[in-house]
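Participant: Quick check, what structure comes out for this input:
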Amino acid sequence: MAWKGVERGGDGQPVWSGASAVAGATAELQGGVQAEHAQAQARQAGEVILDLQHISLSFGGVKALTDISFDVREHEIRAIIGPNGAGKSSMLNVINGVYHPQQGRIVFRGEERRKMHPTDAARQGIARTFQNIALFKGMTVLDNIMTGRNTRFRSGLLANALWWGPARNEEMRHRQKVEEVIDFLEIQAIRKTPVGRLPYGLQKRVELARALAAEPSMLLLDEPMAGMNVEEKQDMCRFILDVNHQFGTTIVLIEHDMGVVMDISDRVVVLDYGKKIGDGTPEAVKANPDVIRAYLGAGH
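Facilitator: So this is what the prediction gives:
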């Protein structure tokens with residue numbers, strides 16, 4: 001099964017840039033992305049903050065993940081790649097507590113996590129976006145992003161209903177944080193627009209904004225560029241690199257566009273049929289025979 005963004009050259013080897021908006025659209029954009037990422041790398045290579053050990057997850061008789069181990073270092077961009085059904089989204093769901101694996105250990109910042117609820121993961125600094133947009137379509141952009149501050153509110157229900165005193169001041173502080181995120185992602189012009197009226201690419205950006213509003217230390221992005229055109233992918237790549245570089249946010253990224261993955265990631269883990277077949281730097285993964293076979297088929 002060939003993955004998006006992978007083509008075969010005249011020598012039969014994979015051409016990793018493929019249809020990528022970053023690696024294939026223009027040389028100028030590629031140079032800008034790589035230069036910005038090189039600057040970010042200078043401050044990375046931190047300690048391991050997330051360690052997944054021998055994770056296995058099953059749904060009845062279906063094995064979604066089998067004995068998968070890898071780690072994530074602070075400040076890095078860690079990519080998870082693989083064909084549809086490889087178990088990538090299931091792995092993100094394990095990390096943020098939606099799924100609880102039957103086997104294995106998850107250690108986050110030195111503490112083992114056992115059957116953590118997604119709310120607890122959010123309070124510990126893990127935020128995420130989803131493969132399918134999960135926004136409130138009838139609410140404005142501003143109100144959608146405000147929901148990302150939910151775990152940081154301290155005032156009670158009655159105080160917030162009356163919107164008086166400390167509760168009012170607290171909401172104003174949260175609103176200021178949201179306005180900073182709106183400015184950062186350059187969506188000031190649509191802040192009062194209902195999300196359901198926005199084009200797909202902007203809805204994806206709003207979902208990223210909601211995750212950033214939580215001020216996470218680790219950001220899980222599930223196919224943030226899926227369905228985007230070239231220009232939208234360029235913008236999203238820039239924002240992801242800016243989040244990583246300016247805020248020091250650790251990013252775990254699922255993406256099918258191999259040009260994007262190879263350009264912005266520090267390390268890549270490759271899944272296929274729920275098993276890990278590769279792990280390392282983009283250069284090492286590109287040269288891995290098992291990865292090449294998974295991309296192009298055993299006949300190549």
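
Participant: Poorly predicted segments of the stretch 101-250 of the chain, please.
Facilitator: Applying pLDDT under 70 to the stretch 101-250 of the chain flags the ranges 152-165, 168.

Participant: in it, which spans are strands?
Facilitator: 103-108, 111-113, 126-128, 218-222, 250-254 (DSSP state E, counting those that start in this stretch).

Participant: Report the inter-axis angle for the fourth one versus strand 250-254.
Facilitator: The one in question is strand 218-222. Put simply, strand 218-222 runs at 10 degrees to strand 250-254, going by axes from the mean of the first three to the mean of the last three Cα atoms, to 10 degrees.

Participant: just checking, what packs against strand 218-222?
Facilitator: Helices and strands touching strand 218-222, as assessed by 3 or more Cβ pairs under 8 Å, 6 or more residues apart in numbering; DSSP states H and E, comprise helix 88-95, strand 126-128, helix 200-213, strand 250-254. In this view, the C-beta of every residue, glycine as well, is placed from N, C-alpha and C.

Participant: let's see it at 10 Å
Facilitator: Counting by 3 or more Cβ pairs under 10 Å, 6 or more residues apart in numbering; DSSP states H and E, the packing neighbours recorded for strand 218-222 are strand 77-81, helix 88-95, strand 126-128, helix 200-213, helix 230-247, strand 250-254.

Participant: show me the residues around residue 73 that make contact.
Facilitator: 44, 45, 46, 47, 48, 49, 50, 250, 266, 267 (Cβ atoms under 10 Å, 6 or more residues apart in numbering).

Participant: got a winner among the residues you listed for most neighbours?
Facilitator: Sorting the contacts of residue 73 by how many neighbours each has (other Cβ atoms under 10 Å) puts residue 250 first, at 25 neighbours.

Participant: Okay, that residue and residue 138: tell me how far apart.
Facilitator: 33 Å (Cβ to Cβ, to the nearest Å).

Participant: Kindly report the same for residue 240.
Facilitator: Distance, residue 240 to residue 138, by Cβ to Cβ: 28 Å.

Participant: neighbour-wise, which of the two wins?
Facilitator: Higher neighbour count among residue 240 and residue 138: residue 240, with 24 against 11, using other Cβ under 10 Å.

Participant: what about the helices in this protein?
Facilitator: Counting by DSSP state H, the chain has these helices, from start to end: 27-41, 88-95, 118-123, 141-146, 157-162, 166-184, 200-213, 230-247, 258-264, 282-286, 289-296.

Participant: Would you mind putting the ones you listed into CSV with distance to residue 109 alongside?
Facilitator: As requested, the helices of the chain are exported to CSV (distance: least, Cβ to Cβ, whole Å):
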stretch, distance to residue 109
helix 27-41, 21
helix 88-95, 13
helix 118-123, 12
helix 141-146, 26
helix 157-162, 31
helix 166-184, 23
helix 200-213, 19
helix 230-247, 17
helix 258-264, 24
helix 282-286, 26
helix 289-296, 30
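
Participant: Between those, which one is closest to residue 54.
Facilitator: helix 88-95 (12.1 Å; Cβ to Cβ).

Participant: How far away from the center of its chain is the closest one?
Facilitator: Chain-centre distance of helix 88-95: 11 Å, with Cα atoms, centre = their mean, to the nearest Å.

Participant: Which secondary structure elements does that helix sit against?
Facilitator: strand 48-59, strand 62-73, strand 77-81, strand 103-108, strand 126-128, strand 218-222, strand 250-254, strand 267-272.

Participant: could these go into CSV alongside distance to residue 116?
Facilitator: CSV is the format used below for those (distance: least, Cβ to Cβ, whole Å):
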stretch, distance to residue 116
strand 48-59, 12
strand 62-73, 16
strand 77-81, 19
strand 103-108, 8
strand 126-128, 9
strand 218-222, 13
strand 250-254, 16
strand 267-272, 21
